[in-house]
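build me a model:
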Amino acid sequence: MTEPNPVVVHYDVDHGVATLTFDSPHNRNALSASLLTQLSHGLDAAATDPDIRAVVLTHTGGTFCAGADLSGSSGSAQEAASARTRDMTALLRQILELPKPVLARIDGHVRAGGMGLIGACDIVVAGPESTFALTEARLGLAASIISLTVLPRLSSRAAARYFLTGERFGPEEACSEGLVTVSTGDTGTAVAELLAEIRACSPQGLAESKRLVTERILADFDRYGDDLAARSARLFGSEEAVEGMTAFLQKRSPWWADR
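This is a model prediction of the structure:
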């Protein structure tokens, strides 16, 4: 008898707010097939429930989301990358197209695909334990698909710095550069205050206002998405990316970092 997939995204509703909690700390809330599927189902449920006014994404453990789950990959690197890219593109679009505000409540590490998720959210509240990084260049890769949601949020100078250096930065920097909405020591109070303001708005007003702030990002999905997906798959199959990911898993420096 096949064991059911464990619940890695909890769905809770309270006072018109659906909270989706990532609960897979053993792999740092990586974007596994189970997490992607359960998150998508939760977003669908919130979108179709007329009593839901807003959605909150949050997490257990010290990491909000570490990005793709590479452990379950099968086939060639390019095939696996193509599948992950399709799934990630669909999820980011789903968040952007959801006719209700999506807030992220974070107090942990955000990497790779996690950066794409918070870029797609309408409002991001980050606590003092939050850290952010776009480390793809250090692995021989590039932040391809997630650039569609991250670049519109970051200032151009910050984007150039963090895309090119892969360095880690904190919640205050993320807030000052536009990636995070609120940096605070009390994320619970900050989110509650924002939700109180949202509840004062009409469902139609919220949906149409969200369309105004997301339609240009969605237009870039249509314009650049296929090319970015192809580039991502090509990079994952490259010699440098194989070296970068192998070095990361072996906890050593890749050859280019030793020079």
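
longest helix in this protein, please.
Ranked by residue count and defined by DSSP state H, the top helix of the chain is helix 203-236.

C-terminal to that helix, what's the next element?
Toward the C-terminal end, the helix or strand that comes next after helix 203-236 (DSSP states H and E) is helix 239-249.

residue contacts, the nearest residue to residue 213 once chain neighbours are set aside?
Once flanking residues are discounted, residue 213 sits nearest to residue 122: 7.1 Å by Cβ to Cβ, 6 or more residues apart in numbering. All C-beta spots, glycine's among them, are computed from the backbone N, C-alpha and C. Residues near residue 122 by Cβ atoms under 8 Å, 6 or more residues apart in numbering: 101, 102, 103, 210, 213, 214.

which residues does the second one bridge with?
Residue 102 has these beta-bridge partners by DSSP bridges: residue 55.

what is the neighbour count of it?
24 (other Cβ atoms under 10 Å).

quickly note the distance from it to residue 195.
12 Å (Cβ to Cβ, to the nearest Å).

ditto for residue 87
29 Å.

where does the stretch 51-200 of the chain dip in pLDDT?
70-80 (pLDDT under 70).

what about residue 195, how many neighbours?
Residue 195 has 19 nearby residues by other Cβ under 10 Å.

so it touches residue 19, yeah?
No. Residue 195 is beyond contact range of residue 19, at 10.3 Å (criterion: Cβ atoms under 8 Å).

and the strand or helix carrying residue 58, C-alpha only, in CSV?
Assigned by DSSP H and E, residue 58 belongs to strand 54-59. Extracted C-alpha coordinates of strand 54-59, given in CSV (Å, rounded to 0.1, in the frame of the first residue of the first chain):
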residue,chain,number,x,y,z
ALA,A,54,-5.8,37.7,1.8
VAL,A,55,-3.2,34.9,1.8
VAL,A,56,-0.1,34.7,4.0
LEU,A,57,2.9,32.6,3.2
THR,A,58,5.1,31.7,6.1
HIS,A,59,7.4,28.9,7.4
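
from the contacts of residue 122, which would you call buried?
101, 102, 103, 210, 214 (16 or more other Cβ atoms under 10 Å).

most widely separated two among those?
Maximum pairwise distance in the buried ones among the contacts of residue 122, criterion Cβ to Cβ, is 14.2 Å, between 103 and 214.
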